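J.: dropping the sequence and predicted coords here.
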Amino acid sequence: MYSNYLNDEFCQFSRNETPDSKLEFTNIILNSEFKEFVYKQMEIAQDIHSMFYLSKLSTFEIYHDELKKYFKLNYNKKPTQTDNLAFILLLSYPKFMVERFQSFKDLKLAFKSENGESDFKDIDFAIDETMFSTCICNENLMYIHVFQNIHSGINIQLGSVCNERYGLISKHDPNYKSTCKKINECKEKIKERKEGKPEGFYENERKRKREEKEVEKEFKKLEKKNPGEYKSSNCIICDSCTIFKSNDKICICSKCVSIETRMNKCRINNKIKLIRKDCAYCEEEFITYYGKKLCITCDKIVKIKYCQMCSNEFCVGTKKDDIYCDECEDSIIKCMNESCRTMIYKNSNQSGRCNNCHRRFINKLILFECKYCKNEFEVSENQKWRTCCRDCYKKKLEPHKCTECHEFFKRLPLETWRKVCSDCYSKR
């Protein structure tokens with residue numbers, strides 16, 4: 001009975017040209033009688049105003065039932081899922097193209113094309129968790145590829161299994177690969193919810209395994225160059241596999257330790273080297289790591305500062321702002337110069353003056369304020385006529401023409417009384 005309706009020509013094509021020679025595409029004979037049946041179904045299938053327009057349907061039972069009737073009448077047998085798929089594919093083509101088709105071999109599908117070209121393209125995907133939607137082969141689907149016939153613009157639904165088997169579009173098509181990736185992500189999310197795992201669990205696991213392989217590869221390179229200097233271990237915070245120095249006892253990766261807390265990592269590592277020392281304030285012995293000078297009790301009530309006179313460390317209350325230690329506080333006075341008042345030691349042999357004031361007193365120097373920059377500068381007693389500092393003097397000098405020799409010389413803007421250069425002035 002099977003040989004009565006099998007298309008011998010297409011069977012030969014299936015055995016010779018399909019990727020899997022054991023897989024036949026369809027049992028349908030594309031003769032004039034079947035074409036008339038297709039044209040009749042096209043009137044509804046391609047009518048955009050019809051509720052049975054192919055692009056609107058999520059299930060194709062209405063057309064599969066009509067194909068069953070045709071098979072019962074002509075072959076006395078039910079159509080296979082492959083026959084259902086081939087029939088719906090034919091309904092998605094324009095009528096003028098179906099008229100030219102001699103067999104299903106004329107349909108341009110990716111599995112028959114060397115360069116993967118097809119009459120269909122992947123435009124979208126959908127998820128139906130109720131699984132009421134069906135593939136055009138009549139198989140129930142949860143994850144649905146939406147393909148479009150590029151000649152008619154009609155959309156059809158297909159499962160990834162059917163596309164891999166019959167190859168409507170190439171598995172290497174970028175849009176199809178992108179859609180498959182999105183569907184796999186949705187599958188993973190549903191699986192994670194069912195198993196009670198956090199969202200992104202499987203993606204993070206894959207990422208972790210990739211990182212472990214990269215770390216292992218990098219570790220082998222380092223071990224080959226410097227044996228025993230590095231070790232591969234998991235971070236104690238994020239549990240990611242990382243490479244550390246062999247002497248690193250507490251392993252924390254750079255992702256978990258920011259730049260601001262980098263020094264804290266060094267301090268944590270030094271905790272294994274505890275030492276005994278006397279507290280700088282209460283002088284009681286306590287156990288600490290390197291650099292700590294106050295015990296836990298004193299650290300809450302005092303702080304260590306550096307004296308601005310002797311540069312030695314001293315303890316002061318946490319709310320105080322003392323800048324001198326107790327010894328310096330008892331042995332310092334203010335400079336006797338009213339304009340200075342710098343702190344100095346009482347026993348200094350400078351007549352109660354600071355170093356700068358004593359130097360000016362011995363060398364008979366006077367402090368003047370520059371008219372331009374307002375900073376103080378030193379002049380001797382016989383140079384009281386100076387009105388600006390040396391820097392401003394150099395910056396403010398302006399060229400002026402001598403009234404006698406007619407050569408240019410430089411003077412200050414305020415020295416308008418100077419009419420001649422120094423050479424002409426000395427000749428007078």
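T.: Ah, there it is.

J.: okay, now the unreliable bits of the stretch 101-250 of the chain?
T.: 110-116, 167, 170-171, 175, 247-250 (pLDDT under 70).

J.: I333 - how many residues pack around it?
T.: By other CB atoms under 10 Å, 13 other residues sit near I333. Any C-beta I mention is one placed from the backbone N, CA and C, and that applies to glycine too.

J.: next: E216.
T.: With other CB under 10 Å as criterion, E216 counts 12.

J.: got the buried residues for the helix or strand where K394 lies?
T.: Following DSSP states H and E, one finds K394 within helix 390-396. Buried residues in helix 390-396, defined by neighbour count with 16 or more other CB atoms under 10 Å: C392, Y393, K396.

J.: can I get the residues you listed in CSV with distance to K197 and pLDDT?
T.: Below are the buried residues of helix 390-396 laid out as CSV (distance: CB to CB, whole Å; pLDDT from 0 to 100):
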residue, distance to K197, pLDDT
C392, 76, 81
Y393, 80, 77
K396, 78, 76
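
J.: could I get these as a markdown table with distance to I48?
T.: Putting the buried residues of helix 390-396 into a markdown table (distance: CB to CB, whole Å) gives the following:
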| residue | distance to I48 |
| --- | --- |
| C392 | 89 |
| Y393 | 93 |
| K396 | 89 |
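
J.: which residue is nearest the centroid of this structure?
T.: Geometric centre of the chain, nearest residue: K255, 12.7 Å, by CA atoms, centre = their mean.

J.: was I right about that residue contacting C238?
T.: Yes - using CB atoms under 8 Å, K255 is in contact with C238, at 6.5 Å.

J.: next SSE downstream of the helix holding K394?
T.: strand 398-401.

J.: which neighbours does that following strand have in its sheet, and in what orientation?
T.: strand 408-411 (antiparallel) (DSSP bridges).

J.: identify all contacting residues around the strand it pairs with.
T.: Contacts with strand 408-411, where a contact means CB atoms under 8 Å, 6 or more residues apart in numbering, come from L397, E398, P399, H400, K401, C402, R418, C421, S422.

J.: wait, isn't the fifth one in contact with K419?
T.: No - the pair K401 / K419 is not scored as a contact, 9.3 Å apart, by CB under 8 Å.

J.: name the helices or strands packed onto whichever strand or helix holds V161?
T.: In the assignment (DSSP H and E), V161 maps to helix 160-166. Here helix 160-166 touches helix 81-91, strand 143-149, helix 174-195, going by 3 or more CB pairs under 8 Å, 6 or more residues apart in numbering; DSSP states H and E.

J.: please compute how far the last one lies from its chain's middle.
T.: By that I understand helix 174-195. Distance of helix 174-195 from its chain centroid, counting by CA atoms, centre = their mean, to the nearest Å, is 23 Å.

J.: now do stretch 199-217
T.: Here the centre of stretch 199-217 is set off from its chain's centre by 17 Å, with CA atoms, centre = their mean.

J.: then stretch 71-91?
T.: So, by CA atoms, centre = their mean, the centroid of stretch 71-91 is 53 Å from its chain's centroid.

J.: what comes up buried for it?
T.: Those would be 71, 75, 79-80, 82-91, for stretch 71-91 by 16+ other CB under 10 Å.

J.: count of residues packed around the nearest residue to P198 once chain neighbours are set aside?
T.: With sequence-adjacent residues excluded and distances taken as CB to CB, 6 or more residues apart in numbering, P198 is closest to E192, at 7.0 Å. When neighbours are counted by other CB under 10 Å, E192 registers 16.
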